[in-house]
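Peer 1: Let me see the structure of the following:
(2 chains)
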Amino acid sequence: MPYLSFTFIFLIAPVSYLVIGAFQSPEGNFTFENMAGLANPQIAASYWLSIRLSLASALIGTVTGLLLAHALILGGMPVWIRRALTTFAGVASNFAGVPLAFAFIATLGRLGLVTVALKDVGGLNIYGAGFSLFSFWGLAITYLYFQMPLMLLVITPAIEGLKAEWREAAESLGASDSQYWRMVGAPVLAPSVLGCFLLLFANAFGTLATVIALTGSNFSVVPILLFQQIRGNVLYNPNLGYALALGMILIMSVSNVIYLVLRQRAERWQK
Amino acid sequence: MKRRFRIGPALITLAAALYFFVPLYAAFQFSLQMKRGELSFAAYGSVFQDGVFLNALTFSIIASAAAIGVGALLVVPTAYWVRLRLPKLRAVVEFVSLLPLIIPSVVLVFGQIRMFGSSSFLPLTTSDWGINSLLVIGYVVLSLPYMFRAVDNGMAAIDIATLTEAAESLGASRGRIIFSIIFPNIRAAVVSGAFLTFSICLGEFAIASLLNRSAFGPYMVQLGQDRAYEPAALAIMSFGLTWVLMGFMQAFANMKPGQRLFRLPFQQKGPRP
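Peer 2: Predicted structure coming up:
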């Protein structure tokens, strides 16, 4: 079958090559040294930065996306507003990468519209106060532009799946609004929300182009470090580069697999 | 449950809409300020007059189109065959098609560069032609999850077993069934997958940059370092383009088999012969 041979040669084999290389010394002997090498300060710092940034951006994206989905679906918004924002979310979740970085430079860069407006109108110099678009929180705010729409899109089926009968049943038994959410809504939604959080986490973890366009190669999250390693062997050890790649694959797989498992669990309620 | 207007949800929606709108407005406003003291489209003109821009864009359009072609040729017969004869393989094929969501593109291209290096059995990285092929192959892999899903959904909407039996009883060969019967029936699904592939590949950065191709993604990053107003103009244009591509993707994804997006006046109404 051409499909299976194509994917084997150009997807599975190259990735396996890296995985095997991660457990080999430069001479080709089996070793755990490369994996242990991930603990060196530069690489560990890079992983830690990536994980913190992805957690922060996924957390903000999950909370804001959930609030927005709740507001749009259960908050009595007119249908046209809901439809407009959902369409927009479809576009925005695909609007990642370099152009997104440019739009945010025009917004929150040193001469960005919002930066200047805050200074002129509110007298607030955000760069003087320590904010920079090209730092941790700047990146987190930029990521939110594709994370929140993605959350809105993936959580919508779960929120629509909350049946009106459940609410009516709870209310007729005398439950208050908060009791309904605590004892019915939250437990039903929890697997979906957790799953979507992990999807957003993986989404942020793999982001490369947006970071490069914003910060050059100065902000060394894992994809950037790997990018530099491929370009110029900055770790001075090719096999350590393979280990770095394997670490990325592991983190991406774990979060994606848990996402899929949780999604299947959540679908039980949507029949 | 009666829907009633409440202030909380309205505020949340308003805040989200503002967050979505402000960066676009800021980029637009910034892109108009290239000439001091007046608003003009000079930045847009400057982008289009740049020969490097046109070359990079053309290169990326060709690479994306090639990836769409190869991807469709790979996915359509496979999805057909798996649905018709090999449902047992379905899990494997689907799993493989989802792998690119787990493997970051930077890792994929890393593996390919090492695997097809100068001393390997297939030294693709040693020639210009080989590197261009690797780029297209990389794009095919990136788009597999979307292409497979679009085509598979398209197949679910038609009765491929009956179509195949009818074609076989009229003496059609395997290839002919796929190309003259199945393909036209799932055209809309393929086109929908194609638009998504196009929007992913056109501005792709990691693979193009690591293969040293002067594609559109690396060009944009370079422009961002060299210029001030042109990047904002590019951001606005890419957003517009993404919007158009997603619109087409949606329109084709929701189309019924055989239905046309636009019906020209001289085309006859009703089912075609």
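Peer 1: Of all the helix elements in the chain, which one is longest?
Peer 2: Reading this off chain A. Counting by DSSP state H, the longest helix found in chain A is helix A:41-74.
Peer 1: wait, I meant chain B there
Peer 2: helix B:51-84.
Peer 1: show me where chain B has helices.
Peer 2: Under DSSP H, chain B gives helices at B:7-31, B:42-49, B:51-84, B:90-102, B:105-115, B:128-156, B:160-169, B:174-176, B:183-185, B:187-201, B:206-210, B:216-226, B:229-253.
Peer 1: chain center to the longest one, what's the gap?
Peer 2: Right, helix B:51-84. Distance, stretch centre to chain centre, for helix B:51-84: 8 Å (Cα atoms, centre = their mean, to the nearest Å).
Peer 1: Compute the inter-axis angle for that helix and helix B:160-169.
Peer 2: Using axes from the mean of the first three to the mean of the last three Cα atoms, to 10 degrees, one finds that helix B:51-84 and helix B:160-169 are set 80 degrees apart in direction.
Peer 1: and helix B:51-84, what other elements does it pack with?
Peer 2: helix A:2-7, helix B:90-102, helix B:128-156, helix B:160-169, helix B:187-201, helix B:216-226 (3 or more Cβ pairs under 8 Å, 6 or more residues apart in numbering or on different chains; DSSP states H and E). In this view, the C-beta of every residue, glycine as well, is placed from N, C-alpha and C.
Peer 1: now A:Leu235: how far from A:Gly241?
Peer 2: Look at A:Leu235 and A:Gly241: by Cβ to Cβ, to the nearest Å, they are 6 Å apart.
Peer 1: With neighbour numbers in mind, choose between the two.
Peer 2: A:Gly241 (24 against 19; other Cβ atoms under 10 Å in any protein chain shown).
Peer 1: circling back to that earlier point, who touches both of A:Leu235 and A:Gly241?
Peer 2: Contact criterion Cβ atoms under 8 Å, 6 or more residues apart in numbering or on different chains; residues shared by A:Leu235 and A:Gly241: A:Gln229.
Peer 1: so who does whichever residue of the stretch 101-250 of chain B sits closest to chain A touch?
Peer 2: Closest residue of the stretch 101-250 of chain B to chain A, Cβ to the nearest Cβ: B:Gly111 (2.9 Å). B:Gly111 makes contact with A:13-15, A:17-18, A:245, according to Cβ under 8 Å, 6+ apart.
Peer 1: which among those residues end up buried?
Peer 2: A:14-15, A:17-18, A:245 (16 or more other Cβ atoms under 10 Å in any protein chain shown).
Peer 1: what's the distance between B:Thr126 and B:Ala206?
Peer 2: From B:Thr126 over to B:Ala206 (counting by Cβ to Cβ), the distance is 21 Å.
Peer 1: Between the two, point out the one with more neighbours.
Peer 2: B:Ala206 (27 against 13).
Peer 1: and the residue of the stretch 1-150 of chain B nearest chain A?
Peer 2: Proximity of the stretch 1-150 of chain B to chain A (Cβ to the nearest Cβ) peaks at B:Pro9, 2.5 Å away.
Peer 1: Can you point out the buried residues in stretch B:69-79?
Peer 2: B:70-72, B:74-79.
Peer 1: Spell out which parts of the stretch 151-271 of chain A neighbour chain B.
Peer 2: Residues of the stretch 151-271 of chain A lying close to chain B (Cβ under 8 Å from any Cβ of the partner chain) are A:164, A:167-168, A:202, A:206, A:208-209, A:212-213, A:216, A:223, A:226-227, A:230-231, A:241, A:245, A:248-249, A:252-253, A:256.
Peer 1: Make a ChimeraX selection of whichever of those turn out to be buried.
Peer 2: To isolate the buried ones among those in ChimeraX, judged by 16+ other Cβ under 10 Å, type:
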select /A:167,202,206,208,209,212,213,223,226,227,230,241,245,248,249,252,256
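Peer 1: pretty sure B:Gly117 is touching B:Thr125, no?
Peer 2: Yes - if you go by Cβ atoms under 8 Å, B:Gly117 and B:Thr125 touch, sitting 5.6 Å apart.
Peer 1: between those two, which one's more packed in?
Peer 2: Set B:Gly117 next to B:Thr125 and count neighbours by other Cβ under 10 Å: B:Thr125 wins out with 18 against 13.
Peer 1: Contacts only, for the more buried one.
Peer 2: The neighbours of B:Thr125, taking Cβ under 8 Å, 6+ apart as the test, are B:113, B:116-118, B:131, B:134, B:211.
Peer 1: ok, back up a step: quick check, nearest of the buried residues of stretch B:69-79 to B:Phe30?
Peer 2: Nearest to B:Phe30 among the buried residues of stretch B:69-79: B:Gly71, at 36.5 Å, using Cβ to Cβ.
Peer 1: Just list the residues touching B:Ala194, thanks.
Peer 2: B:68, B:72, B:147 are the contacts of B:Ala194 under Cβ under 8 Å, 6+ apart.
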